[in-house]
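Student: sequence and computational prediction follow.
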Amino acid sequence: MDAALAHQQAGRLPEAEAMYRRVLAQEPRNLAANYNLALVLRSLGRRDEALACLARVAALQPDNAQAQYGFAHVLREEDRLEEAAAAFRRALALQPDFAEARWSLAMCVLPRVYGPGEDPVRAREAFARELAALESWFEERPALDATGAVGVVQPFNLAYQETNNRELLARYGALCSRLMARRHAQPLPARRARDGVVRVGVVSAHFRNHSVWNALTRGWFEHLDRARFALHAFHLGTLRDAETDVARARAASFEEGERSPQQWADTIRRHAPDVLLYPELGMETLAWKLASLRLAPVQATTWGHPETSGLPTMDCYLSAAGLEPAGAQEHYTERLVTLPHLGCHVEARATAAAAPDLGRWGIEADVPLLLCPGVPYKYAPEHDAALVEIARRLGRCRLVFFAYGAQGPVERLQRRLEAAFASAGVDFAAHVSFLPWQPAAQFQGWLERADVFLDTIGFSGFNTALQAIQRALPIVTVEGRFLRGRMASGVLRRMGLDDLVARSAQEYVERAVRLVDDRAYRDDLRRRMREGRERLFGDLAPIRALEEFLLAG
C-alpha cells in the first residue's frame, strides 16, 4: 500500500493502479485500496470504474458518512442527481451536522447538462427553494463551523441559463460570506500610506496554460508597469508548467503550496495588498472561500467565470466595453468597471496543427464540417432546434462535437440531441459526430479543416473563438443578453465582422447555411479575418485602463 500511495502522489498513475489491484486481489474488502484506486481511475478519466470502486467502499461501510459522501460526489459529477441526493441524505442521516453533505445536497438540483424533457426553469426554481432551506439549516446551527462546506459545490450551472442571476447569486454570496465570517472574522484591512507602488494581489488556481491565464491574467503580469505596481501571486492550484514560471518571474512574490483557507488568508494579509484581484470566481472552492472574506481594502473579480459573484466582499467587477450590453450594471452586485475594447491583452499564439484522420471517425473527406467545440454544459435545450435546422437545411453535412469531462453529462447531451433530431425527422447519425476531447495540435487541425465554427448560444466562447480566428475559420454567433453570451460577438465586432453576428437563433441558422453553401462568401470572410485579426492582439489600452483603476483604488 505504501508503495502504491507513493506512486499515486508522484503522479505515476498506471503504476499506482497496478499496485492497488494487486492488493485488492488478495484483500477485496480493503477500504483504503478501493478508495485510492477510485481516485486513480478518476484521474485517468475512467469514471465508470472509479464509480464502481466508490460504490464498493459505500457498500462495505454503510454506516460511514464520509464513504456515502464521497460516493455521492462522483454520482453528482455524472449528473446522476437523484442517486447523488439519496447518498448525501444517507450521509446526513448518519451525521446530522455534516455541513458539507447538506451544502452539496442543496446543489443537487442543478444538472450540468439537461436531459430530454428536463426543464431548466424548474431546476432554477428548485435551486431557489433549496437555497432558502440551506439558509435556514445554518441559521438553526449558529455554532457550527461551516468553513469546509462553503463553496464545496458551486451553483456554477446557473450561468448556463440565459437569465439574470443577480438576485439568486446575491443570496448565495451573502450566505457564504456570513458563514466564513463565523470563524474568520477580522478587522477590515486598513489602507496603507502609499509609497509610490500599489501592491496588487492576484488569487488564482490557474497560473498555468489555462483559458483564464491566457485570456486575462498573463496580460497583467506581462504589461502592468512594474515601477508602479507590485504583483503578488497566490497560486492555489497544484498544476504547474512553463506559464507558471512566467508568472513567478514577473511577480514581486509568488506563494504556492497546500494550505488551509485560514493559512491562505493569513498569507494574503501578511502581504497587505492594496487591491486583491480574483480572475475566476465560481470555479474553484478554495478561491471562493477566500473571496468570501475581506482580505484587502479593495477586492475585484473579472470574467474568468463571466458571471457576478454575488459576494458582498467583492467591490468591483472588471469587464469590457466591447462585451457588455447596455444597462449591464443590473446584472452585477459589484460595481461594474468596463475596460476598453475586449478588456484584456492577448497575443497571437503560434500553434501546430495535426490534420485530422476523418476516416477514423467515420466522416467522409468531402463533407462540409461544422465544428461545435463548446463543452457539453454550454448547450442549452432551447437552442437544440437551431442545430437540427442547420442539419436539415444543409442536408449533407457533419456537426462535430467534442466530449469533455465526465461521461454522464456528455451522454445526456447526446441523448437530448438524438431526441431533437428524431422529433424533426432528421437522421442524427448521418449528421452528428461526438469525438473524444482533442489534444491541442489535433484540435487546431480540426479548426484548419472545418468550414464553419458554430459558437454556443447563450454562453459564448472566447479563447476558442480566438483560436478559430487565427485559423481564419468563419464563426457564427448570436449576441446574447449577458456578458457570457457576447464573447465571440465582441471579438467579431472588434474585427469589423458584424455580418457574422446574429440577433436570433433563426439568423444564426441562416448565416451558418450561407457560409456552407456560398464558397465565395466563405473565402471572402476568411480573407477579411486574416486582414482584421491583428486588431485583437497586443492591445495595451485595457492594461493602461486597469492601471488607472488600480491607482484610484
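Tutor: The structure has been received and is ready for your questions. Numbering: from 1, shown residues only.
Student: same for the host helix or strand of Gln263, what does it pack against?
Tutor: Take DSSP states H and E as the rule and Gln263 turns out to sit in helix 261-271. When contacts are defined as 3 or more CB pairs under 8 Å, 6 or more residues apart in numbering; DSSP states H and E, helix 261-271 sits against helix 166-184, strand 198-204, strand 229-235, strand 253-255, helix 285-291. All C-beta spots, glycine's among them, are computed from the backbone N, C-alpha and C.
Student: any chance of the ones you listed in CSV, plus mean pLDDT, mean neighbour count and distance to Ala541?
Tutor: Output for the helices and strands packed on helix 261-271, formatted as CSV (pLDDT from 0 to 100; neighbours: other CB atoms under 10 Å; distance: least, CB to CB, whole Å):
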stretch, mean pLDDT, mean neighbour count, distance to Ala541
helix 166-184, 95, 19, 28
strand 198-204, 97, 24, 19
strand 229-235, 97, 22, 17
strand 253-255, 97, 17, 28
helix 285-291, 97, 23, 27
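Student: adding distance to Asp455, write these out as JSON lines.
Tutor: Putting the helices and strands packed on helix 261-271 into JSON lines (distance: least, CB to CB, whole Å) gives the following:
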{"stretch": "helix 166-184", "distance to Asp455": "24"}
{"stretch": "strand 198-204", "distance to Asp455": "26"}
{"stretch": "strand 229-235", "distance to Asp455": "31"}
{"stretch": "strand 253-255", "distance to Asp455": "36"}
{"stretch": "helix 285-291", "distance to Asp455": "27"}
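Student: out of the ones you listed, flag the one nearest Leu51.
Tutor: Evaluated with CB to CB, the helices and strands packed on helix 261-271 place helix 285-291 nearest to Leu51, the distance being 21.2 Å.
Student: what comes up buried for the helix holding Gln263?
Tutor: Applying a neighbour-count criterion of 16 or more other CB atoms under 10 Å, the buried positions in helix 261-271 are Pro261, Trp264, Ala265, Thr267, Ile268, His271.
Student: equivalent analysis for stretch 76-84, please.
Tutor: Neighbour-count burial for stretch 76-84 flags Arg76, Glu77, Glu78, Asp79, Arg80, Leu81, Ala84 (criterion: 16+ other CB under 10 Å).
Student: measure the closest residue to the second one other than its chain neighbours to Arg218 for me?
Tutor: In this structure, Glu77 finds its nearest non-sequential neighbour in Ala406, 4.8 Å apart by CB to CB, 6 or more residues apart in numbering. Between Ala406 and Arg218 the distance, using CB to CB, to the nearest Å, works out to 29 Å.
Student: ok, now Gly408?
Tutor: If you measure Gly408 against Arg218 using CB to CB, the figure is 33 Å.
Student: strands along the stretch 201-350 of the chain, start to end?
Tutor: For the stretch 201-350 of the chain, applying DSSP state E, counting those that start in this stretch gives strands covering 229-235, 253-255, 275-278, 298-302, 316-320, 335-339.
Student: how about the ones you listed in TSV, adding distance to Cys372?
Tutor: Compiled in TSV, the strands of the stretch 201-350 of the chain are given as follows (distance: least, CB to CB, whole Å):
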stretch	distance to Cys372
strand 229-235	33
strand 253-255	38
strand 275-278	31
strand 298-302	27
strand 316-320	25
strand 335-339	30
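Student: Leu483 is nearest to which of those strands?
Tutor: Proximity to Leu483 (CB to CB) singles out strand 316-320 among those, at 6.0 Å.
Student: that closest one to strand 298-302, inter-axis angle?
Tutor: Strand 316-320 and strand 298-302 meet at an angle of 40 degrees, taking axes from the mean of the first three to the mean of the last three CA atoms, to 10 degrees as the criterion.
Student: now strand 316-320 - C-alpha only, CSV.
Tutor: Output for strand 316-320, consisting of C-alpha atoms alone and laid out as CSV, is shown next (Å, rounded to 0.1, in the frame of the first residue of the first chain):
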residue,chain,number,x,y,z
CYS,A,316,-15.9,45.7,-8.4
TYR,A,317,-16.3,43.6,-11.5
LEU,A,318,-13.8,44.2,-14.2
SER,A,319,-15.4,43.7,-17.6
ALA,A,320,-15.0,45.0,-21.1
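Student: quick check: angle from that strand to strand 335-339?
Tutor: Comparing the axes of strand 316-320 and strand 335-339 via the same axes, to 10 degrees yields an angle of 30 degrees.
Student: so who does the residue nearest to Ala424 when sequence neighbours are not counted touch?
Tutor: Nearest residue to Ala424, sequence neighbours excluded (CB to CB, 6+ apart): Val388, at 4.8 Å. By CB atoms under 8 Å, 6 or more residues apart in numbering, the residues touching Val388 are Leu417, Ala420, Phe421, Ala424, Val426.
Student: what do you get for Val152?
Tutor: When contacts are counted by CB under 8 Å, 6+ apart, Val152 is found next to Glu100, Trp103, Ser104, Thr285.
Student: give me every residue that touches Ala520.
Tutor: Not one residue lies near Ala520 by CB under 8 Å, 6+ apart.
Student: over to it. Which of the three states is it?
Tutor: helix (DSSP: H, G, I helix; E, B strand; the rest coil).
Student: hmm, Val298 is touching Leu276, no?
Tutor: Yes: shown here, Val298 and Leu276 form a contact pair, counting by CB atoms under 8 Å, at 7.2 Å.
Student: so which of these two has more stuff around it?
Tutor: Counting neighbours by other CB atoms under 10 Å for Val298 and for Leu276 shows that Leu276 has the greater number, 30 against 20.
Student: how many other residues sit next to the residue lying closest to the more buried one once chain neighbours are set aside?
Tutor: Excluding the flanking residues, the one nearest Leu276 by CB to CB, 6+ apart is Ala296, at 3.7 Å. If you count neighbours by other CB under 10 Å, Ala296 ends up with 26.
Student: likewise Glu130?
Tutor: Applying other CB under 10 Å, we find 17 other residues in the vicinity of Glu130.
Student: show me what contacts it?
Tutor: Glu130 makes contacts with Leu105, Ala106, Met107, Cys108, Val109, as judged by CB under 8 Å, 6+ apart.
Student: pick the one among these closest to Pro381.
Tutor: Val109 (16.1 Å).
Student: got the phi and psi for that closest one?
Tutor: Note on Val109: its backbone torsions stand at phi -100, psi 0 [degrees, to the nearest 10].
Student: which SSE is the closest residue to it other than its chain neighbours in?
Tutor: Taking CB to CB, 6+ apart as the measure, Val109 lies nearest to Ala126, with 4.0 Å between them; neighbours along the chain are not counted. Take DSSP H and E as the rule and Ala126 turns out to sit in helix 120-139.
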